[in-house]
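Participant: kindly generate the corresponding structure for this input.
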Amino acid sequence: MSAPAPPKVPAAVKPVFDEIVSITDLFCQQHLDAEYAGLCVKLAAKLARKRPSPLLRGDRGIWAAGIVYAIGRVNFLADRSQEPHLRNDDLADLLGVKQTTMASKGRLIADTLRIGLMDPEFSRRDMLHKNPMAWLLEVNGFLVDARQLPPELQVQAWRQGLIPYVPAHAQTDPPTG
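Facilitator: Residues are numbered from 1 along each chain as shown. Have a look, this model is predicted:
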């Protein structure tokens, strides 16, 4: 499987984006995992594309901490039952920022982009599978759990962007095309 294409961000924001992502990548590599790193890049790119980009104002380290916090919050990183797991105070210490500052920036990010708990766009794959809202589709006026549909209908729903991946192919790569 090839590496994902780098996200598109405006040229004026690219140096700041790169600096923030280098912080989140290193942190995730050392303390979390590649899936968290990818979600942090995705969130940073979304912030970079916002006009005007909020990333152009403020400390890059605090933005990075807020991004990791926001992704961690969506995925319940502070919950001991999750793997990986980090308490918020430990997260702040490892990122070298005050916990209140990190949480404030994370909440600002979540509010600005309307990101809620278990938000399908920023959920880890294992969290997506547990999130019933990511799988509900309306078919002929009835709500249906896409995980219960035949595989060919799951593929159609995935191609239309209605579900995050094809549950019938969960052990393999998503279909192309």
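Participant: where do the strands sit along this protein?
Facilitator: 136-139, 142-145 (DSSP state E).
Participant: list the contacts of the worst-scoring helix or strand of the chain on mean pLDDT.
Facilitator: Least confident helix or strand, the chain: helix 125-130 with a mean of 83, by mean pLDDT, DSSP states H and E. The contact list for helix 125-130 (C-beta atoms under 8 Å, 6 or more residues apart in numbering) reads Glu35, Val74, Asn75, Phe76, Met118, Pro120, Ala134, Pro164, Tyr165, Pro167, Ala170. Just so you know, the C-beta spots here come from the backbone N, C-alpha and C atoms, and that holds for glycine as well.
Participant: now do 6 Å
Facilitator: Asn75, Ala134, Pro164 (C-beta atoms under 6 Å, 6 or more residues apart in numbering).
Participant: okay if I get the residues you listed as TSV plus neighbour count, pLDDT and distance to Thr24?
Facilitator: Output for the contacts of helix 125-130, formatted as TSV (neighbours: other C-beta atoms under 10 Å; pLDDT from 0 to 100; distance: C-beta to C-beta, whole Å):
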residue	neighbour count	pLDDT	distance to Thr24
Asn75	24	94	14
Ala134	20	83	24
Pro164	18	83	22
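Participant: hmm, back to that, can you list the strands of the chain in a markdown table and add distance to Leu43 and mean pLDDT?
Facilitator: Output for the strands of the chain, formatted as a markdown table (distance: least, C-beta to C-beta, whole Å; pLDDT from 0 to 100):
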| stretch | distance to Leu43 | mean pLDDT |
| --- | --- | --- |
| strand 136-139 | 24 | 87 |
| strand 142-145 | 27 | 90 |
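Participant: now distance to Glu19 and mean neighbour count too, for these, in TSV please.
Facilitator: Converted to TSV, the strands of the chain look like this (distance: least, C-beta to C-beta, whole Å; neighbours: other C-beta atoms under 10 Å):
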stretch	distance to Glu19	mean neighbour count
strand 136-139	39	12
strand 142-145	42	10
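Participant: turn the ones you listed into a markdown table, including distance to Gln156.
Facilitator: Below are those laid out as a markdown table (distance: least, C-beta to C-beta, whole Å):
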| stretch | distance to Gln156 |
| --- | --- |
| strand 136-139 | 10 |
| strand 142-145 | 13 |
